[in-house]
Every structure is written in C-alpha cells, then in structure tokens.
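Undergrad: Just a sequence and a predicted model for now, questions to come.
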Amino acid sequence: MSPYRVTPGSGELERPVILAAFDGWIDAAGASTAAVGEVASDATTLVEFDADALFDFRSRRPVLDIVDGKLTDLGWPELTMRRARHGDRDVVVFTGAEPDYRWQELGRDTVEIVRELGVREWISIGSIPAAVPHTRPVPVLANASGPGLLRDGGQQGPQGLLRVPSAALSTVELAVSGAGIPCVGFYAQIPHYVGGPFPAASVALLEHVSRQIGVDIPPGDLLEQAATHRQRLDEAVAADEDSASYVERHENMVDEERIPSGDEPASEIERFLREDGRGGSESGPLGDA
C-alpha cells in the first residue's frame with residue numbers, strides 16, 4: 001500500500017508553496033506548529049500519510065476518550081498536507097507529529113508529491129532554545145538551498161559549522177532540495193528560561209513567511225497572546241532578583257550585537273536534547289510563566 005493518499009479532485013493549485021513544520025524536535029515551545037496552525041485555520045486536506053507506517057504508538061500513544069465509563073474515541077497522531085488560500089496563491093501546510101520511522105522514504109514520497117502538485121518553493125519553520133532574552137525582538141535564523149532565495153533581506157546563519165541531531169523535517173527538506181525545488185528555512189530562537197508556549201516566536205515566524213512568499217498571513221490571536229505572555233514574563237522577572245540579573249545579562253549580549261558562533265547554538269540544542277529528548281518545551285528558571 002502507498003504510505004500516503006492524495007485527496008481526489010483537489011484541482012490545480014495557484015503558485016503553490018509548501019510551508020512545513022513538525023511537532024517535537026525543533027519545535028521548542030510549540031512555536032512553529034502554532035504558526036502553521038494559523039496558516040491552516042481554514043485549510044482543506046490534500047494528502048494524508050499512513051500513521052501506522054510512520055509512528056511508534058508506544059512513544060506517541062493515541063489519546064483515548066472515555067465517557068461515562070465507555071470507550072468512545074481515539075485521537076491518532078497525524079501527518080497531513082492541507083491547502084490554504086492566502087492572497088493570490090495556495091499555501092500547502094505540511095504538518096503533524098514528527099515521524100518515528102521511514103524518514104528517507106518520507107523524503108522520496110514528498111518529492112513525488114511536490115512534483116505532482118506543482119510546488120514552486122519549500123519553506124521549513126522551526127524553533128530552537130537559545131540564550132536570548134524575551135525582552136528583545138525574537139531572533140530568527142535562516143537557511144537556504146541556494147543564493148538569493150531569502151526575499152526578506154535575511155541572512156543565512158549562523159556562520160561556520162553547526163552540527164546537531166537532525167530533525168525529520170530537515171531530512172525531507174534535503175530530499176526536496178535535491179530534486180531542484182528552492183528551499184528556505186526560518187528558525188525562531190526561544191529564550192531557554194521560558195517554559196510553555198512562546199507566541200511571540202510564532203508571530204515572528206509568520207512575519208518572515210509572509211515576506212518570503214509576498215502574501216500577508218494574519219497572525220490571528222497570536223499578537224494578543226504574545227502581549228499577555230510578555231506581561232506575565234515581565235512580572236515574573238521583576239519579582240525575582242536572580243531572574244532579573246539573568247535576563248539583564250542576555251539583554252547586554254544582544255545590545256552589544258554579539259553574534260553567536262555555530263558552536264553556541266549547537267551547545268544550547270544539545271543541552272535541550274539532554275533535558276527533554278522529545279524536543280518539547282523545557283521549564284526554565286521562570287517555570288511556565
């Protein structure tokens with residue numbers, strides 16, 4: 001059986017671009033999947049992947065609903081491509097749980113799909129923990145498969161070698177790039193002392209995607225959530241002298257425009273992996289503030 005199913009009668013897409021984000025690894029604070037959730041708020045399903053072939057259900061157990069003592073429903077992990085219209089073009093949102101199995105096969109299958117759909121560009125988004133303060137604009141690292149692909153004036157980085165455990169998303173992006181599809185990626189840096197969601201990073205990612213594809217993507221409720229979250233963080237920092245000093249040190253680093261080398265993000269990611277091997281949100285000095 002094919003590991004994926006394309007919805008029949010989906011029709012021709014208009015200048016399609018794929019926007020991809022998987023949960024788990026490189027989705028610190030759930031920032032990238034929250035961003036694509038806004039993009040796909042009114043989306044229709046184009047492609048469904050076979051969950052049995054991709055996931056270890058002992059690791060990603062389905063969610064069971066029990067109503068009045070009766071087993072009523074199972075919510076299985078999913079990986080899908082959905083079609084959303086933004087401006088004058090179609091955005092194909094490729095998202096879901098990061099697969100446990102068949103990464104290379106998934107890359108080959110994705111190449112088949114992007115060719116069938118006539119995709120013109122691939123954009124990966126993610127989020128990683130970093131030594132950055134919540135009081136400054138969210139830094140976003142960018143990668144590109146070739147020169148001149150970053151249309152928002154962004155620069156690729158960090159400079160030098162950055163060697164980290166790979167994500168399934170990066171494996172698929174490399175396969176798509178190898179097939180001649182232009183690929184870029186945007187990765188928001190999340191303050192590593194923050195636990196729980198960080199909506200400011202989702203907003204920053206959507207801004208970069210909007211500039212990249214030349215179409216405005218509304219952030220929905222994320223702007224209000226970011227403002228509320230910022231207020232809670234500020235109050236938590238102000239109430240604790242050690243936290244205030246910690247944040248101030250990171251502010252000074254940013255204000256001095258000290259650009260990290262490739263080794264620094266790598267060490268942050270490695271620490272993150274040690275403390276939370278599935279890539280979920282870590283709780284820092286401020287807990288879930």
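TA: Ah, there it is. Residues are numbered from 1 along each chain as shown.

Undergrad: How are the helices of this protein distributed by residue range?
TA: 31-39, 51-54, 103-117, 168-178, 199-213, 222-238, 241-255, 263-275 (DSSP state H).

Undergrad: Compare the ones you listed and give me the one nearest V132.
TA: Among these, the nearest to V132 by C-beta to C-beta is helix 241-255 (6.2 Å). Quick note: C-beta positions are derived from backbone N, CA and C, even for glycine.

Undergrad: Now do that closest one: which elements does it pack against?
TA: On a contact count with 3 or more C-beta pairs under 8 Å, 6 or more residues apart in numbering; DSSP states H and E, helix 241-255 meets helix 222-238.

Undergrad: what number of residues lie near the nearest residue to Q189 once chain neighbours are set aside?
TA: The shortest distance from Q189 to any non-neighbouring residue, by C-beta to C-beta, 6 or more residues apart in numbering, is to A130 (3.7 Å). A130: 22 surrounding residues under other C-beta atoms under 10 Å.

Undergrad: A130 contacts Y193, correct?
TA: No. Using C-beta atoms under 8 Å, A130 makes no contact with Y193, being 10.5 Å away.

Undergrad: neighbours around the residue nearest to L64 when sequence neighbours are not counted, how many?
TA: Distances taken as C-beta to C-beta, 6+ apart put L74 closest to L64, at 5.7 Å, once the chain neighbours are dropped. For L74, the neighbour count with other C-beta under 10 Å is 10.

Undergrad: what about L74, distance to R5?
TA: L74 is 19 Å from R5, where distance means C-beta to C-beta, to the nearest Å.

Undergrad: and what of A201?
TA: For A201, the distance to R5 equals 33 Å [C-beta to C-beta].

Undergrad: Would you mind listing the buried residues in stretch 53-62?
TA: 54-55, 60 (16 or more other C-beta atoms under 10 Å).

Undergrad: How about residues contacting that stretch?
TA: Residues from elsewhere that reach stretch 53-62, judged by C-beta atoms under 8 Å, 6 or more residues apart in numbering: 3, 74-77, 79, 97, 99-102, 106.

Undergrad: So R102 versus T171, what's the distance?
TA: With C-beta to C-beta as the criterion, R102 and T171 are 10 Å apart.

Undergrad: who touches both of the two?
TA: Counting by C-beta under 8 Å, 6+ apart, R102 and T171 have no contacts in common.

Undergrad: Which residue is the nearest non-sequential neighbour of T135?
TA: Spatial nearest neighbour of T135, chain neighbours left out: E251 (6.0 Å); criterion: C-beta to C-beta, 6+ apart.

Undergrad: need the contact list for the one you found.
TA: Counting by C-beta under 8 Å, 6+ apart, E251 has contacts 133, 135-136.
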